[in-house]
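Novice: predicted model follows, preceded by the sequence.
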Amino acid sequence: MNAPLLAVDDLWVRYRVASGDVPAVQGVSFRLERGASLGLAGESGCGKSTTANAILRLLPPGTRTEGSIRLDGEEVLTMRPGRLRAVRWTTGAIVFQGALHALNPVRRVGHQIAEPMLLHRTAPGSRAADARARELLEQVGLPGDRARSYPHQLSGGQRQRVLIAMALACDPDLLIADEPTTALDVMVQAQVLELLAGLRHDRGLSMIFITHDLSVLTDVCDELAVMYAGRIVEDGDAHDVFATPQHPYTRGLAAAFPTIGDPASRLAPSGLGGDPPDPSDLPVGCAFHPRCALARDECRDGVPELRPAGPDRSAACILVEAP
Ligand code: SF4
């Protein structure tokens with residue numbers, strides 16, 4: 001059996017602050033097979049982006065990371081700096097949320113796409129790298145001559161496409177897309193999602209897609225992992241998790257979006273009340289219990305572990321029973 005492209009085991013990430021260590025990710029484990037796509041869902045502050053950044057060791061200095069992250073058979077957490085720099089573009093690449101902040105405002109976008117190819121010597125020279133940059137722009141649906149544009153001369157959707165082209169520059173096996181459509185309007189969001197799905201299909205890319213919008217993830221992901229307070233609280237087939245959520249948090253997240261064509265759901269939104277907990281001051285027991293309509297005394301006794309919740313599904317709630 002082939003090893004997965006990515007295997008994350010018992011990952012813990014703690015940020016160092018003046019008052020001590022703050023646990024942002026607690027014991028997260030998952031696998032990503034070659035060519036597969038995984039969605040990480042949850043509200044802001046639940047550990048999704050921290051998990052994604054840990055995969056390429058993009059966390060701030062002083063952050064403590066424990067566990068194991070094996071990317072294409074290599075342990076990322078103990079990788080030497082030189083090897084890590086190479087892996088970041090050639091094995092795994094990331095598309096960030098705010099393209100305007102991720103791009104250099106005083107350099108033409110073509111040069112910015114060509115730069116990693118020259119650094120990692122995946123293009124024989126600057127002329128070949130520039131030609132490849134134009135080709136990549138065309139692959140993401142922009143005219144090649146946009147390579148001469150500066151970021152401020154492009155729309156939000158065009159800049160996001162530039163970031164995707166840049167992430168593909170060194171032909172990685174894994175693409176991590178961290179809220180790539182959050183800042184875009186609905187039409188452009190749909191176009192970017194379609195582009196990512198097409199690229200995944202055409203290039204055999206493996207993909208990790210992060211968003212708070214469960215419905216977006218079901219369009220582009222095979223599997224879904226829902227995070228709350230730094231832990232995975234539910235996982236399984238993306239359509240199954242969205243259609244029949246088992247964990248009360250997933251149910252709230254799925255219900256938090258209005259139904260298109262149903263004015264009642266816009267006027268009386270259901271879903272989640274309150275906010276996620278402060279990672280430095282987590283509630284005892286199940287971290288979701290202060291917001292959970294089904295909470296009972298036993299929910300404070302300990303942190304619920306993931307337990308079987310259906311074929312290839314699991315959920316971390318004491319009310320979930322194996323089918
Ligand atoms: Fe709600 Fe209790 Fe289940 Fe937590 S363990 S999700 S508080 S019912």
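Specialist: Perfect, I can see it now.

Novice: contacts and neighbour counts: CA atoms only from here.
Specialist: Fine.

Novice: state the next helix or strand along the chain beyond the lengthiest helix in the chain.
Specialist: When the chain is parsed with DSSP state H, its longest helix is helix 186-203. Heading C-terminal from helix 186-203, the first helix or strand you meet, by DSSP states H and E, is strand 206-211.

Novice: now the angle from that next one to helix 186-203?
Specialist: Put simply, strand 206-211 runs at 160 degrees to helix 186-203, going by axes from the mean of the first three to the mean of the last three Cα atoms, to 10 degrees.

Novice: quick one: buried residues of the helix or strand that strand 206-211 is followed by?
Specialist: Proceeding N to C from strand 206-211, the next assigned helix or strand is helix 214-220, under DSSP H and E. Buried residues in helix 214-220, defined by neighbour count with 16 or more other Cα atoms under 10 Å: 214-218, 220.

Novice: can you pull out the strands in the protein?
Specialist: Secondary structure of the chain (DSSP state E): strands located at 6-17, 20-32, 37-41, 64-71, 74-75, 92-95, 174-178, 206-211, 223-228, 231-237, 307-310, 313-315.

Novice: of those, give the one that comes closest to L118.
Specialist: strand 92-95 (15.8 Å; Cα to Cα).

Novice: helices or strands up against that closest one?
Specialist: helix 156-167, strand 174-178 (3 or more Cα pairs under 8 Å, 6 or more residues apart in numbering; DSSP states H and E).

Novice: mean neighbour count, distance to H201 and mean pLDDT added to these, as CSV?
Specialist: Below are the helices and strands packed on strand 92-95 laid out as CSV (neighbours: other Cα atoms under 10 Å; distance: least, Cα to Cα, whole Å; pLDDT from 0 to 100):
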stretch, mean neighbour count, distance to H201, mean pLDDT
helix 156-167, 25, 15, 89
strand 174-178, 25, 13, 93
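
Novice: can I get these in CSV including distance to A128?
Specialist: Compiled in CSV, the helices and strands packed on strand 92-95 are given as follows (distance: least, Cα to Cα, whole Å):
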stretch, distance to A128
helix 156-167, 15
strand 174-178, 23
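
Novice: reformat those as a markdown table; add distance to the ligand.
Specialist: Compiled in a markdown table, these are given as follows (distance: least, Cα to the nearest ligand atom, whole Å):
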| stretch | distance to the ligand |
| --- | --- |
| helix 156-167 | 36 |
| strand 174-178 | 26 |
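
Novice: the residue most central in space within the chain: what's it in contact with?
Specialist: Residue closest to the average C-alpha location in the chain (Cα atoms, centre = their mean): I210, at 2.8 Å. By Cα atoms under 8 Å, 6 or more residues apart in numbering, the contact list for I210 reads 39-41, 48-49, 176-180.

Novice: which bits of the protein sit near the ligand?
Specialist: Selection of the chain residues close to the ligand by Cα under 6 Å from any ligand atom yields 247-248, 286, 288-289, 292, 294-295, 299, 317-319.

Novice: which residues touch the residue of the stretch 1-150 of the chain found nearest the ligand?
Specialist: Using Cα to the nearest ligand atom, G42 is the residue of the stretch 1-150 of the chain that sits closest to the ligand, at 14.1 Å. Counting by Cα under 8 Å, 6+ apart, G42 touches 48, 211-213, 226-228, 253.

Novice: if you set the cut-off to 10 Å instead, what comes out?
Specialist: 48, 210-214, 225-230, 232-233, 249-250, 253, 276 (Cα atoms under 10 Å, 6 or more residues apart in numbering).
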